[in-house]
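K.L.:
Predicted model and sequence below, questions to follow.
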Amino acid sequence: MTRKKRFKPFKSGKGQALFVMAMLYPVFFFAQTKYTISGVVKDVANGETVLGATVLLKGTSIGSTTNEYGFYSITAPEGDYTLTISYLGFSTFERVISLNADQKIDIELTEDAAELDEVVITAEQSKKVDLRTPQMSMTKLSANDIKKIPVVLGEVDLIKSIQLLPGVANAGEGASGFNVRGGAEDQNLILLDEAIIYNASHLFGFFSVFNADAIKDIKLYKGGIPARFGGRASSVLDIRQKDGNSKEYELTGGIGLISSRLAAEGPMLKDKGSFLIAGRASYANIFLALANESSRAGFYDFNLKTNYEIDEKNKLYLSGYLGNDNFNLAGFFTNSYGNLSGNLRWNHIFNDKLFSNVSLIYSRYNYNLEIPIEGIDWTSDISNYNMRYDFGYYASDKLKFDFGVSGIYYNFNPGKLNPLNANSGVNPEKLDDKFAVEAGVYAGLEHKISDRLTAQYGLRFSYFNRLGKQTLNNYANNLPVVYNEELGIYERAEPISTTHYGKGKSIATFNNLEPRFALSYQLNEKSSVKASYNRIAQYLHLISNTTSATPLDVWAPSGEFIEPQIANQYAVGYFRNFRENMFSIEAEAYYKTIDNRVDYINGAELIAQNTIETEILTGEARAYGLEFLLRKNQGDFTGWVAYTLSKSQQRTPGGAAGGLGINNGKWYNSNWDRTHDFSFTGTYRLSEKWRFGANMVFQTGRPVTYPNGQFLYNGLSVATYSERNADRLPAYHRLDLSATLTPHNNKNRKWQGEWVFGIYNAYNRRNAASISFGQNQQTGVTEATRTSIFGIVPSVTYNFNF
């Protein structure tokens with residue numbers, strides 16, 4: 001009998017030991033003891049928390065960035081490391097640490113020595129592209145960035161500054177609104193310390209409501225919008241105010257041609273907190289009075305921010321904004337409008353991995369119009385109460401979670417008409433108030449799959465409930481607009497009955513799942529490719545048929561006859577840093593669709609309209625384009641070149657109302673379509689005393705509808721028109737210049753000052769704001785009249801810091 005040999009994998013005990021070690025290696029590897037480093041990063045000069053600072057363990061791929069309150073947390077295996085923290089315009093911080101226990105390390109960064117000779121930090125701050133993070137289609141600016149950009153009448157303007165970025169277009173000269181990637185103005189969510197700002201303009205759009213002396217950080221999300229944001233279809237402009245200098249008292253301000261500003265900040269409550277108070281006001285009224293003009297125009301705004309550190313794990317913040325505009329046109333009418341917002345926040349650190357923030361927020365926008373000759377006093381407003389509870393959980397060096405809930409209660413007052421005096425003969429009238437609740441639950445995850453591949457996953461569930469108290473019309477076949485085949489026009493349907501909804505009763509409800517996804521793959525140390533997708537539901541609509549927002553525009557909630565807008569956006573991009581981060585390139589392509597986009601029937605009456613559903617049809621929109629951004633980040637000359645090639649269109653079929661629809665149901669250019677949009681922004685530091693800046697802008701003219709013929713009717717000339725938005729205004733272009741003089745005697749003095757000289761529209765281009773057509777009463781010939789707002793506008797401003 002032949003004896004079978006037993007299989008022996010190893011002939012020696014040494015081999016068996018190696019085999020066991022190999023099998024157990026993954027267990028030991030993944031079971032390595034790990035510890036967490038957490039803390040807060042601040043500016044050593046003023047104690048301001050630093051947002052978006054990069055925190056890394058040198059020589060590894062383990063790292064994170066600080067959140068909106070300067071908090072960071074990273075987890076790594078036990079060992080010795082060099083902790084590295086870097087941020088724009090600051091010296092890189094390094095510290096050797098032995099990671100053998102959880103540690104709390106608060107860091108204070110020092111301003112880069114190369115920057116200390118200047119009052120305003122220059123663009124030499126490294127703006128290299130973050131290749132690792134999946135976040136794309138986002139641009140970050142600081143208040144110091146926008147202070148160097150030449151603007152009209154010397155007033156620093158945040159909104160006009162972001163219009164120099166790719167994918168962002170203006171709503172017309174003299175307008176403070178903006179359009180992002182072919183979206184409408186109402187599709188931008190504007191947040192000031194988390195509070196919603198409904199109208200971001202002063203003086204009907206000449207200036208924005210944001211005082212640069214009170215602003216710390218600005219982020220514009222054009223795509224890849226994180227799951228914590230919702231409610232607007234195109235973009236998020238997230239603006240954070242300064243916390244206030246916690247080290248010493250400081251006074252900052254500026255004196256310009258039509259307005260001045262002043263900000264005070266400093267420590268309080270035995271260095272447990274700090275405050276910021278900033279104010280700005282115009283004095284255009286003085287110049288109008290000196291010129292014997294009977295018209296008046298002016299604005300003011302105030303910013304407040306204060307905080308108090310209860311202990312190392314709890315901190316309270318209180319911030320607010322108040323702004324108002326007043327305009328009187330030679331006694332013919334008086335107009336005033338303004339924003340009010342407030343936010344109370346509580347930061348709590350549960351442990352070295354879990355951070356939370358609770359916010360109670362209030363926002364209000366109000367409008368008033370008085371017309372003495374008619375005896376009319378018209379008021380309207382929108383207000384909301386908002387609560388948010390947000391969490392950040394830093395699970396490991398590969399996983400970072402954020403999640404939270406939010407709820408908003410809206411109160412819409414579309415308008416109230418009162419007699420201006422007892423003899424006006426005007427009957428009081430009140431449009432129906434509208435009420436709604438919007439809620440959201442979200443979760444997001446940043447997952448570092450490998451050293452090269454990182455993903456972001458997000459999901460948001462939104463809910464909207466349109467509430468009574470209100471009486472609504474009912475229409476035959478539920479159609480508030482019908483098509484008159486005989487006349488070939490859309491008409492308002494007659495109501496057949498009404499339904500009353502009591503206070504708090506639900507009129508209509510909507511809910512949507514909004515997935516978000518982003519991916520980043522690092523090709524090498526200098527370049528990466530990224531892709532993103534986001535779906536967003538928008539439940540509020542700005543009722544306006546103008547190209548840019550006006551104070552008289554009214555916000556309306558989704559309801560029985562107005563569906564929420566649903567946006568889907570896809571984007572891909574290539575990003576590269578080169579020449580040792582001296583230059584960076586960002587190139588992106590996007591495609592966006594929007595369902596349930598509201599458009600207006602011909603002859604729509606939107607002012608003081610109680611049944612807005614009889615003036616609108618619902619359609620769809622689409623936008624697509626290519627964006628290119630080249631930055632020079634270092635050296636005496638810094639700046640960027642931006643170019644966008646894009647298309648934005650709308651289609652509004654007749655649907656159940658009948659007929660082909662607006663523009664015969666064909667796609668037509670949206671009011672904000674700009675085929676080509678080019679801008680150049682540059683700053684050149686000649687010496688410690690002189691710095692020069694320039695902007696150059698070229699844009700395809702806005703789409704308009706021109707008359708293409710006329711006919712006589714009862715002796716009157718009646719115009720006929722081309723297809724909607726088939727024509728365009730002339731191309732828009734201008735050159736802006738600035739020069740900043742910083743006196744040599746600024747050095748070693750507490751009082752720091754600079755003079756800023758500017759020229760807006762240096763070659764006096766008369767860009768068309770509109771072109772209107774009318775009949776010459778003497779010749780009977782139809783003539784075109786071109787209206788422009790600005791020619792060449794010089795300015796001078798004195799800025800100071802003490």
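P.N.:
Cool, the structure landed.

K.L.:
any low-confidence regions in the stretch 151-300 of the chain?
P.N.:
174-176, 287-294 (pLDDT under 70).

K.L.:
90 instead, please
P.N.:
The stretch 151-300 of the chain contains residues with pLDDT under 90 at 151-160, 170-177, 199, 201-208, 256-259, 269-271, 283-298.

K.L.:
So which bits of the longest strand along the chain are buried?
P.N.:
Ordering each strand of the chain by length in residues (DSSP state E) puts strand 399-419 first. Buried positions in strand 399-419, judged by neighbour count with 16 or more other CB atoms under 10 Å: 400-404, 406, 408, 410, 412-418. Bear in mind the C-beta positions are built from the backbone N, C-alpha and C, glycine included.

K.L.:
got the CA coordinates for stretch 225-242 in PDB?
P.N.:
Once non-C-alpha atoms are left out, stretch 225-242 reads as follows in PDB (Å, rounded to 0.1, in the frame of the first residue of the first chain):
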ATOM      1  CA  ILE A 225     -23.500  72.800  -5.400                       C
ATOM      2  CA  PRO A 226     -23.100  71.100  -2.000                       C
ATOM      3  CA  ALA A 227     -26.200  69.300  -0.600                       C
ATOM      4  CA  ARG A 228     -26.400  71.800   2.300                       C
ATOM      5  CA  PHE A 229     -27.700  74.500  -0.200                       C
ATOM      6  CA  GLY A 230     -31.100  74.400  -1.800                       C
ATOM      7  CA  GLY A 231     -33.900  76.600  -3.100                       C
ATOM      8  CA  ARG A 232     -32.300  78.200  -6.200                       C
ATOM      9  CA  ALA A 233     -31.700  76.700  -9.500                       C
ATOM     10  CA  SER A 234     -28.500  78.300 -10.800                       C
ATOM     11  CA  SER A 235     -26.000  79.400  -8.100                       C
ATOM     12  CA  VAL A 236     -25.200  80.200  -4.500                       C
ATOM     13  CA  LEU A 237     -23.400  83.400  -3.500                       C
ATOM     14  CA  ASP A 238     -22.200  82.700   0.100                       C
ATOM     15  CA  ILE A 239     -20.900  85.800   1.800                       C
ATOM     16  CA  ARG A 240     -19.500  85.800   5.300                       C
ATOM     17  CA  GLN A 241     -19.000  88.900   7.400                       C
ATOM     18  CA  LYS A 242     -15.900  89.600   9.500                       C
END
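
K.L.:
Run the chain-centre distance for that stretch.
P.N.:
6 Å (CA atoms, centre = their mean, to the nearest Å).

K.L.:
Also stretch 241-257?
P.N.:
For stretch 241-257, the distance to the chain centre is 24 Å (CA atoms, centre = their mean).

K.L.:
which of the residues in it are buried?
P.N.:
241-247, 250, 252-254, 256-257.

K.L.:
and which of those residues is nearest to Ala604?
P.N.:
Gln241 (38.9 Å; CB to CB).

K.L.:
separation between that closest one and Phe275?
P.N.:
In this view, Gln241 and Phe275 are 11 Å apart by CB to CB, to the nearest Å.

K.L.:
same question, Phe802
P.N.:
16 Å.

K.L.:
who has more neighbours, the two?
P.N.:
The residue with more neighbours, out of Phe802 and Phe275, is Phe275; 21 against 13, by other CB atoms under 10 Å.

K.L.:
sorry, back to before: from the chain's centre, how far out does the longest strand of the chain sit?
P.N.:
17 Å.

K.L.:
any idea of the mean pLDDT for it?
P.N.:
What strand 399-419 shows for mean pLDDT is 93.

K.L.:
Kindly report the same for stretch 644-656.
P.N.:
94.

K.L.:
quick one: buried residues of that stretch?
P.N.:
644-646, 648-654.

K.L.:
Kindly report the same for stretch 64-83.
P.N.:
64-76, 81, 83.

K.L.:
ok, now stretch 215-228?
P.N.:
215-228.

K.L.:
chain center to it: distance?
P.N.:
7 Å.

K.L.:
Also stretch 368-379?
P.N.:
33 Å.

K.L.:
before we move on, what about stretch 183-196?
P.N.:
On CA atoms, centre = their mean, the centre of stretch 183-196 falls 6 Å from that of its chain.

K.L.:
What separates the first and last residues of it, distance-wise?
P.N.:
18 Å (CA to CA, to the nearest Å).

K.L.:
Who does Pro653 form a beta bridge with?
P.N.:
Beta-bridge partners recorded for Pro653 (DSSP bridges): Gly661.

K.L.:
Can you show me the CA trace of stretch 248-255 as PDB?
P.N.:
As requested, the backbone C-alpha atoms of stretch 248-255 are provided in PDB (Å, rounded to 0.1, in the frame of the first residue of the first chain):
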ATOM      1  CA  GLU A 248      -7.000  95.300  19.300                       C
ATOM      2  CA  TYR A 249      -9.400  98.200  18.400                       C
ATOM      3  CA  GLU A 250      -9.300  99.100  14.800                       C
ATOM      4  CA  LEU A 251     -11.000 101.800  12.600                       C
ATOM      5  CA  THR A 252     -11.300 101.400   8.800                       C
ATOM      6  CA  GLY A 253     -13.100 103.600   6.300                       C
ATOM      7  CA  GLY A 254     -13.100 105.500   3.100                       C
ATOM      8  CA  ILE A 255     -14.300 108.800   1.600                       C
END
